[in-house]
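**Q** this one's structure only:
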Ligand SMILES: NC(=O)c1ccc[n+]([C@@H]2O[C@H](COP(=O)([O-])OP(=O)(O)OC[C@H]3O[C@@H](n4cnc5c(N)ncnc54)[C@H](O)[C@@H]3O)[C@@H](O)[C@H]2O)c1
Ligand SMILES: N[C@@H](CCO)C(=O)O
Ligand code: NA
């Protein structure tokens with residue numbers, strides 16, 4: 001008997017899921033041992049030609065998710081509601097659920113996982129982080145016997161595309177964002193991309209899986225987007241042999257008692273493996289105690305690559321159903337809390353427009369020292385009234401670094417803080 005899939009949403013990702021399920025039906029049946037069929041597709045409007053059998057379309061998603069013949073519900077609507085209610089209704093009705101919805105998982109993944117455990121069904125969400133890249137199941141399954149200490153990644157394709165265009169072509173922010181939207185990478189509201197909300201949601205999901213701590217939600221993630229990244233920042237990064245990337249960083253504290261989860265622009269040395277990730281590609285660097293460093297790379301956005309991850313999950317949950325089993329994810333909770341950004345150890349790059357006069361450098365150095373921040377290197381560019389001091393700090397608590405910049409920004413000797421950005425180092 002065929003496994004029946006109900007699809008919720010038929011947009012960029014959903015329409016590709018339909019196409020792939022139909023095109024690959026023979027191969028999928030052979031691999032799984034049973035055919036997979038699309039049993040129904042919930043859409044908002046019936047009057048659009050989607051190239052699918054119109055008899056499959058319905059506007060009544062609630063009825064579809066509880067229909068007795070449906071085995072697996074695939075949610076690709078996005079957003080919190082009605083996605084959450086529909087998924088909970090599906091789970092309660094004994095269906096396994098596959099979703100690409102990072103916003104919902106980051107906000108309320110705990111509720112969904114608990115419901116799935118109670119119902120003895122699966123909730124799979126590989127497409128929600130880094131699109132096509134197999135990342136969540138490697139973290140959940142392959143690294144289940146290891147201790148992950150840090151996850152560092154480019155997890156938003158839109159912002160990587162924009163930053164890459166600004167850096168490699170000198171393109172403007174707005175035109176690059178419009179291109180990313182036209183290519184189907186951006187969220188329905190691209191503010192979610194450029195202000196870092198999308199990456200923050202993914203960071204929360206990654207932190208939960210990496211550190212087995214259920215309590216991380218998107219609200220716990222320190223978030224800064226890329227709207228403040230200027231051409232001057234990108235030029236400053238270049239002068240230091242760096243590129244600017246928006247990174248999601250999930251890290252255990254030194255004492256192992258808490259975790260830090262953050263998303264912000266970073267100056268990354270060109271020799272760092274993440275620095276060469278171009279266009280809308282994603283890449284995630286995982287540092288584990290026994291496995292060492294691992295890197296996952298590939299297409300993080302776009303309808304077809306994302307649909308590939310959705311299909312992989314459909315196959316996995318179908319196999320589990322046939323074996324009469326489910327994963328029961330989220331039952332083990334280390335309860336590790338999230339510490340404040342201020343406590344996180346970071347390094348800053350600071351470029352200051354100053355006058356080239358005696359005493360300026362020593363005053364700037366004194367302000368760093370007053371905040372307990374040690375300077376790693378300093379260089380001067382230009383002379384006279386157009387001088388710029390470029391300083392890179394040693395690692396220090398983020399609160400000490402932001403305090404230093406705050407004091408510098410109001411000091412009469414500093415004409416302007418031309419660029420401030422955190423710096424990641426890399427040792428081979
Ligand atoms: N596009 C990508 O590259 C990508 C990558 C990874 C994850 N995702 C995630 O996949 C999900 C879908 O993204 P998308 O890019 O396909 O979005 P989309 O806006 O293209 O598609 C969503 C579709 O859902 C429909 N919809 C909205 N409310 C509905 C309802 N109540 N009932 C039925 N249909 C409804 C919309 O009309 C739209 O066609 C989101 O959670 C997104 O974050 C997208
Ligand atoms: N808007 C997201 C889609 C993939 O989750 C991105 O640009 O990465
Ligand atoms: Na993925």
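**A** Yes, it's here. On a predicted model such as this, the values are computed, not experimentally measured, just so you know. Ligands and ions are numbered 1, 2, ... in the order given.

**Q** Name the residues of the stretch 251-400 of the chain found near ligand 3, please.
**A** residue 309 (Cβ under 5 Å from the ion). Where C-beta positions appear, they are placed from N, C-alpha and C, glycine not excepted.

**Q** in the stretch 251-400 of the chain, which spans are strands?
**A** Using DSSP state E, counting those that start in this stretch, the strands assigned to the stretch 251-400 of the chain run over residues 259-269, 281-288, 292-299, 345-354, 375-381, 387-393, 396-397.

**Q** helices or strands next to the fourth one in the packing?
**A** So the one you mean is strand 345-354. helix 231-239, helix 360-370, strand 387-393, strand 396-397, helix 398-410, strand 414-423 (3 or more Cβ pairs under 8 Å, 6 or more residues apart in numbering; DSSP states H and E).

**Q** returning to that earlier point: highest mean neighbour count out of the strands of the stretch 251-400 of the chain?
**A** Comparing those by mean neighbour count (mean count of other Cβ atoms under 10 Å), strand 259-269 comes out on top with a mean of 25.

**Q** Tell me what angle that strand forms with helix 231-239.
**A** Per axes from the mean of the first three to the mean of the last three Cα atoms, to 10 degrees, the angle that strand 259-269 makes with helix 231-239 is 70 degrees.

**Q** Kindly reformat the helices and strands packed on strand 345-354 as JSON lines containing distance to residue 184 and mean pLDDT.
**A** Shown next, in JSON lines, are these (distance: least, Cβ to Cβ, whole Å; pLDDT from 0 to 100):
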{"stretch": "helix 231-239", "distance to residue 184": "25", "mean pLDDT": "92"}
{"stretch": "helix 360-370", "distance to residue 184": "45", "mean pLDDT": "96"}
{"stretch": "strand 387-393", "distance to residue 184": "38", "mean pLDDT": "95"}
{"stretch": "strand 396-397", "distance to residue 184": "40", "mean pLDDT": "96"}
{"stretch": "helix 398-410", "distance to residue 184": "35", "mean pLDDT": "97"}
{"stretch": "strand 414-423", "distance to residue 184": "29", "mean pLDDT": "95"}
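
**Q** how about those in CSV, adding distance to residue 307?
**A** Converted to CSV, the helices and strands packed on strand 345-354 look like this (distance: least, Cβ to Cβ, whole Å):
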stretch, distance to residue 307
helix 231-239, 33
helix 360-370, 50
strand 387-393, 43
strand 396-397, 43
helix 398-410, 39
strand 414-423, 35
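
**Q** To ligand 1, which of these lies closest?
**A** Proximity to ligand 1 (Cβ to the nearest ligand atom) singles out helix 231-239 among the helices and strands packed on strand 345-354, at 25.0 Å.

**Q** The closest one packs against which elements?
**A** helix 157-168, strand 242-252, strand 259-269, strand 345-354, strand 414-423.

**Q** that older thread, which of the helices and strands packed on strand 345-354 sits closest to ligand 2?
**A** helix 231-239 (19.5 Å).

**Q** List the buried residues in that closest one.
**A** Of the residues in helix 231-239, those buried by neighbour count under the rule 16 or more other Cβ atoms under 10 Å are 233, 234, 236, 237.

**Q** Give me the contacts around it.
**A** The contact list for helix 231-239 (Cβ atoms under 8 Å, 6 or more residues apart in numbering) reads 163, 166-167, 170, 243-244, 265, 267, 349, 351, 381, 390, 418-419, 421.

**Q** Just the closest of those residues to ligand 2, please.
**A** After measuring those against ligand 2 - Cβ to the nearest ligand atom - the closest member comes out as residue 163, at 11.9 Å.

**Q** Contact partners for the closest one?
**A** 226, 229, 234, 243, 244, 245, 246, 265 are the contacts of residue 163 under Cβ under 8 Å, 6+ apart.

**Q** and if you look at residue 4?
**A** Here residue 4 is in contact with 37, 38, 39, 69, 70, 71, 72 (Cβ under 8 Å, 6+ apart).

**Q** before we move on, back to that, any idea which of the helices and strands packed on helix 231-239 gets closest to ligand 1?
**A** helix 157-168 (6.8 Å).

**Q** Just confirm yes or no for stretch 147-162 near ligand 1.
**A** No: counting by Cβ under 6 Å from any ligand atom, ligand 1 has no neighbours in stretch 147-162; the shortest distance is 6.8 Å.

**Q** Run a quick neighbour tally on the one residue in the chain that gets nearest to ligand 1.
**A** Relative to ligand 1, the nearest point of the chain is residue 11 (1.9 Å; Cβ to the nearest ligand atom). Per other Cβ atoms under 10 Å, the neighbour tally for residue 11 reads 16.

**Q** quick revisit: would you reformat the strands of the stretch 251-400 of the chain as TSV and include distance to residue 148?
**A** Conversion of the strands of the stretch 251-400 of the chain to TSV gives the following (distance: least, Cβ to Cβ, whole Å):
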stretch	distance to residue 148
strand 259-269	10
strand 281-288	5
strand 292-299	10
strand 345-354	18
strand 375-381	28
strand 387-393	27
strand 396-397	23
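
**Q** farthest pair in the buried residues of helix 231-239?
**A** Farthest apart among the buried residues of helix 231-239 by Cβ to Cβ are 234 and 236. That separation is 7.3 Å.

**Q** May I see the domains of the protein written out as residue ranges?
**A** Domain ranges of the chain: 3-131+303-322, 141-299, 342-423, per automatic domain parsing.

**Q** Look up the closest residue to residue 116, ignoring the ones flanking it.
**A** Nearest residue to residue 116 in three dimensions, chain neighbours excluded: residue 123, at 4.1 Å (Cβ to Cβ, 6 or more residues apart in numbering).

**Q** can you pull up the bridge partners for the one you found?
**A** Note on residue 123: beta-bridge partners by DSSP bridges are residue 97.

**Q** what about it, how many neighbours?
**A** Counted with other Cβ under 10 Å, residues neighbouring residue 123 total 27.

**Q** Report the contact partners of the residue nearest to residue 364 when sequence neighbours are not counted.
**A** Of all residues not flanking residue 364 in the chain, residue 389 sits nearest, at 6.1 Å (Cβ to Cβ, 6+ apart). By Cβ under 8 Å, 6+ apart, the contact set of residue 389 is 351, 352, 354, 360, 361, 364, 378, 379, 380.

**Q** okay, the residues you listed in TSV with distance to residue 3 next?
**A** Converted to TSV, the contacts of residue 389 look like this (distance: Cβ to Cβ, whole Å):
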residue	distance to residue 3
351	58
352	62
354	67
360	71
361	69
364	66
378	63
379	63
380	67
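
**Q** The helix or strand of the chain with the lowest mean pLDDT vs strand 345-354, what angle?
**A** In the chain, no helix or strand scores lower on mean pLDDT, DSSP states H and E than helix 231-239, which sits at a mean of 92. For helix 231-239 against strand 345-354, the angle by the same axes, to 10 degrees is 110 degrees.
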